[in-house]
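Q: Fold the stuff below for me.
(one chain, ligands or ions: 2)
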Amino acid sequence: MSRGLFIVVEGLDRTGKSTQCAQLLNHFTASGRKVTLMKFPDRTTNIGQMINSYLQSKTELNDHAIHLLFSANRWELSQHIVDTLNGGTTIIADRYAYSGVAYSVAKGLNYNYCKNPDKGLPKPDKVFFLDLPPLLAQQREDYGEERYESLEIQTRVRSAFVQLLQDNQYIHKLDVTRQSIESVHQALKQELTPLLESSQEPLRHTL
Ligand code: T5A
Ligand code: NA
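A: Ligands and ions are numbered 1, 2, ... in the order given. Now for the predicted structure:
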């Protein structure tokens with residue numbers, strides 16, 4: 001049995017990540033592939049509830065402490081990720097460690113410091129960065145409800161993502177400016193085709 005693929009969708013707030021993850025889930029399901037969705041942060045765990053409370057500004061936390069909690073939230077699910085992939089199920093993840101680095105760097109934490117806690121996590125087979133100017137993202141509905149959803153912060157988060165793109169050539173940037181949901185979906189599918197048609201090497205790469 002071949003293992004599942006690990007696909008990650010990244011981007012600033014409101015860029016259409018959840019929408020596209022849902023579209024991919026439907027597409028894979030319809031084509032008969034075993035597939036599941038994951039979302040980071042996973043707010044359902046104990047750690048995830050602390051993160052949720054922080055994101056809703058109900059609690060305050062030291063910048064380093066919340067950074068480590070976001071990473072811990074990935075680590076607590078890491079064995080589940082490995083087992084799921086090895087069991088032949090594809091994972092579509094709505095955000096992952098790249099958000100972890102970008103948002104903390106945007107607050108002023110050191111780039112290399114930010115990458116360290118995630119080292120050793122399962123490495124995705126494909127990472128997409130949905131790129132939308134922060135000003136356009138801001139015009140989408142429900143913007144501004146959570147911490148980080150301001151133009152100033154999002155602009156700094158985007159700069160951090162640009163550095164991640166430079167350092168990790170395997171991240172695929174997709175300009176979604178004025179692109180319909182359907183056309184972004186088509187672009188993601190097209191980019192995934194070679195991966196879907198090739199047989200996967202055993203999972204052994206880590207971040
Ligand atoms: N964070 C996260 C960290 O600081 N460290 C970490 O390690 C991690 C993992 C989590 C927050 O935590 C931070 C980053 C975040 O600030 P979240 O739960 O992921 O937040 O929430 P958001 O990223 O804010 O996700 P959203 O759900 O708000 O945005 P999405 O998923 O990018 O966008 P989506 O799909 O919900 O779409 C937003 C709106 O745009 C429309 C949709 O219908 C919707 O109304 N839309 C489009 N409109 C026009 N054209 C298109 N192509 C469209 N696609 C979607
Ligand atoms: Na989302």
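
Q: Do I have it right that L68 meets N116?
A: No - taking contact to mean Cβ atoms under 8 Å, the distance of 9.9 Å between L68 and N116 leaves them out of contact. (Glycine included, C-beta is placed from N, CA and C.)

Q: The two: who's more crowded?
A: More crowded of L68 and N116, by other Cβ atoms under 10 Å: L68, with 18 against 13.

Q: so what's the more buried one closest to, chain neighbours aside?
A: Using Cβ to Cβ, 6 or more residues apart in numbering and skipping residues adjacent in sequence, the residue nearest L68 is P117, 5.8 Å away.

Q: what does M50 give?
A: Nearest in space to M50, with sequence neighbours left out and distances taken as Cβ to Cβ, 6+ apart, is L69 at 5.9 Å.

Q: Now for the residue nearest to the spatial centre of the chain: which residues touch it?
A: For the chain, the residue lying nearest the average C-alpha position, counting by Cα atoms, centre = their mean, turns out to be R95 (1.6 Å). Contact criterion Cβ atoms under 8 Å, 6 or more residues apart in numbering gives 8-10, 17, 39-41 as the residues in contact with R95.

Q: Among the residues you listed, which are located in helices?
A: Secondary structure from DSSP state H places K17 of those in helices.

Q: can you tell me which of the contacts of R95 are in strands?
A: Where the contacts of R95 overlap with strands, as defined by DSSP state E, the overlap consists of 8-10, 39.

Q: would TSV of the residues you listed with distance to ligand 1 and neighbour count be doable?
A: Converted to TSV, these look like this (distance: Cβ to the nearest ligand atom, whole Å; neighbours: other Cβ atoms under 10 Å):
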residue	distance to ligand 1	neighbour count
V8	10	25
V9	8	25
E10	9	27
K39	7	16
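
Q: Pick out the most distant pair among those residues.
A: Farthest pair in the ones in strands among the contacts of R95 (Cβ to Cβ) is E10 and K39. Separation: 12.2 Å.

Q: what ranges do the helices span in the chain?
A: Applying DSSP H to the chain gives helices spanning 17-30, 46-55, 63-75, 78-86, 97-106, 111-115, 134-138, 151-167, 181-197.

Q: Between the ones you listed, which one is closest to D125.
A: In this view, the helices of the chain are compared for proximity to D125 by Cβ to Cβ, and helix 181-197 is the closest at 6.1 Å.

Q: Cool, thanks, signing off.
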